[in-house]
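Engineer: The following block contains a protein sequence and its predicted model.
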Amino acid sequence: MPGFEYKGLNSAGKNVKGNIEAENIKMARTRLKREGIYVVDIKDKKTEAERRSKSFTIGSGVSVQDLAMMTRQLATLVKAQIPLVDALAALVEQVENPTLKGTLSEIRQAVNEGSSFHKALSKYPKVYPQIYVSMIEAGEMSGTLEIILIRLAEFTERQNELKSKVRSAMMYPVLMGVFGFVVMVVLFVFVIPKITAVFDDMKQALPWYTTLLISISNFVADYWITLTVFLVVTAIVFFRWKSSEGGRPRWDSVQMKIPIIGRLVRMIAVSRFAKTLSTLLAGGVPMLNAFDIVKTVVDNKVFERVISEARDNVSEGESIAAPLRKSGEFPPIVLHMIAIGEKTGDLENMLTQVSDAYDFQVNNAVDGLTSLLEPIMIIVMGVIIGFIVFAILVPIFDMTNLAG
């Protein structure tokens, strides 16, 4: 039960303060009045979790997995005909994530005081995204909250699976790249100079590849701090540019033109577009509102522009497929299925089929990319190490032959 801190005056006119538990602030005032206390000030008694939920330094303190699990549990409770307030109270006790626990406690209190569920959720945009709030609103308006919660749980679970799949696939090459860079720096700064020192007393000319290796080693050894700072600054500048208002659209456009990677980026964007739009329309969200949400979910400025144009077309009574086809960003099969869905009035089902097909293709593409990158990284590392060994051993063998 929520707690409240109060300050007031008792029947003798003396200042008093304390804590009281009640279902809501109105009931707390009523109880205090019965006890002969005139309330001067009363406010919620915050738990530590609730304080954390209010400080939005938490950002993404709630993972997609946590949100999906909570949504699935809430759907189960609502399906069992448990009142929403009681279901939220049960979730507050059940969830382990402190941020999620704190926001749910606040939401339960707001709903208990008469607020709608979606309005209470909308106060925490960094925890509950726009698509989540809009779906809940549609479910409340249509009386199908139970069905909407199940769809939301499935949607968030699939998004989490896709995100985890891509992240896991990229982890290996990133770690290999970092490890390889560190190994190269150690070799060129500390190992190679000591080995090639034996060549200083040689009177014969060194092969060009050995001379190149020594020059690279000397340069790296002399300027490794400067090179490290340069790389760090370059990375910071690049990521800031990539996140800027002007740089993000350009980067999204460039990465879709990169061989192999660009195809994967496009497939992920198409899958997100189809799945999100299908989920929203199936949940009863109006078409124009659905497009406003979808363009933020695809997380790609190129597709965001195309979706905005499609929204404008829809608002003027035209089709969705025309601006998508004009953009050249969507594959023909996707456009064909959307056009059929519009003509037959079965757009949600067609979009679901598109999403399922592209999720399958993304999984295959990620697996293929992973299997391709691993041998490439190994070959690159092998070539570099082989060059170093060859450039060092050949002069040593020549010295041995001359000495013999």
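Structural biologist: Alright, I've got the coordinates.
Engineer: and Ile42, which of the three is it?
Structural biologist: Under the three-state scheme (DSSP: H, G, I helix; E, B strand; the rest coil), Ile42 adopts strand.
Engineer: hang on, isn't it packed against Ile25?
Structural biologist: Yes - between Ile42 and Ile25 there is a contact under C-beta atoms under 8 Å: 6.3 Å. No exception for glycine: its C-beta is placed from N, CA and C like everyone else's.
Engineer: joint contacts of the two?
Structural biologist: Phe4 (C-beta atoms under 8 Å, 6 or more residues apart in numbering).
Engineer: Show me where the stretch 101-250 of the chain has its helices.
Structural biologist: Per DSSP state H, counting those that start in this stretch, the stretch 101-250 of the chain carries helices over the ranges 117-121, 130-142, 145-186, 192-196, 208-243, 247-255.
Engineer: Identify each buried residue in the first one, please.
Structural biologist: Within helix 117-121, the residues that qualify as buried are Phe117, His118, Ala120, Leu121, counting by 16 or more other C-beta atoms under 10 Å.
Engineer: re the thing from before, Throw the helices of the stretch 101-250 of the chain into a markdown table and include mean pLDDT and distance to Asp299, thanks.
Structural biologist: Shown next, in a markdown table, are the helices of the stretch 101-250 of the chain (pLDDT from 0 to 100; distance: least, C-beta to C-beta, whole Å):
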| stretch | mean pLDDT | distance to Asp299 |
| --- | --- | --- |
| helix 117-121 | 91 | 21 |
| helix 130-142 | 84 | 12 |
| helix 145-186 | 81 | 10 |
| helix 192-196 | 82 | 44 |
| helix 208-243 | 90 | 12 |
| helix 247-255 | 90 | 9 |
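Engineer: quick one, which of the ones you listed is nearest to Leu373?
Structural biologist: helix 145-186 (4.5 Å; C-beta to C-beta).
Engineer: Are there helices or strands packed against that closest one, and which ones?
Structural biologist: The helices and strands touching helix 145-186, judged by 3 or more C-beta pairs under 8 Å, 6 or more residues apart in numbering; DSSP states H and E, are helix 64-79, helix 130-142, helix 261-282, helix 347-403.
Engineer: 6 Å - rerun?
Structural biologist: The contact analysis (3 or more C-beta pairs under 6 Å, 6 or more residues apart in numbering; DSSP states H and E) places helix 145-186 against helix 64-79, helix 130-142, helix 347-403.
Engineer: now stretch 79-95, how far from the chain's geometric center?
Structural biologist: Distance of stretch 79-95 from its chain centroid, counting by C-alpha atoms, centre = their mean, to the nearest Å, is 27 Å.
Engineer: Now do stretch 34-53, average pLDDT.
Structural biologist: Regarding stretch 34-53, the rounded mean pLDDT is 64.
Engineer: Throw the helices and strands packed on helix 145-186 into a markdown table and include distance to Leu324 and mean neighbour count, thanks.
Structural biologist: Shown next, in a markdown table, are the helices and strands packed on helix 145-186 (distance: least, C-beta to C-beta, whole Å; neighbours: other C-beta atoms under 10 Å):
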| stretch | distance to Leu324 | mean neighbour count |
| --- | --- | --- |
| helix 64-79 | 27 | 19 |
| helix 130-142 | 20 | 20 |
| helix 347-403 | 12 | 15 |
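Engineer: Ok, which of these comes nearest Ile214?
Structural biologist: helix 347-403 (8.4 Å).
Engineer: quick one: the closest one to chain centroid distance?
Structural biologist: With C-alpha atoms, centre = their mean, you get 26 Å for helix 347-403.
Engineer: try stretch 38-47
Structural biologist: That offset, for stretch 38-47, works out to 38 Å (C-alpha atoms, centre = their mean).
Engineer: what comes into contact with that stretch?
Structural biologist: Outside stretch 38-47, the residues that touch it by C-beta atoms under 6 Å, 6 or more residues apart in numbering are Gly3, Phe4, Glu5, Tyr6, Lys7, Gly8, Leu9, Asn19, Arg29, Leu32.
Engineer: just stretch 210-219 next, same as before
Structural biologist: Contacts of stretch 210-219 (C-beta under 6 Å, 6+ apart): Phe188, Ile192, Pro193, Thr196, Ala391, Pro395.
Engineer: need those in TSV with distance to Ile150, can you?
Structural biologist: As requested, the contacts of stretch 210-219 are arranged in TSV below (distance: C-beta to C-beta, whole Å):
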residue	distance to Ile150
Phe188	57
Ile192	61
Pro193	65
Thr196	67
Ala391	64
Pro395	71
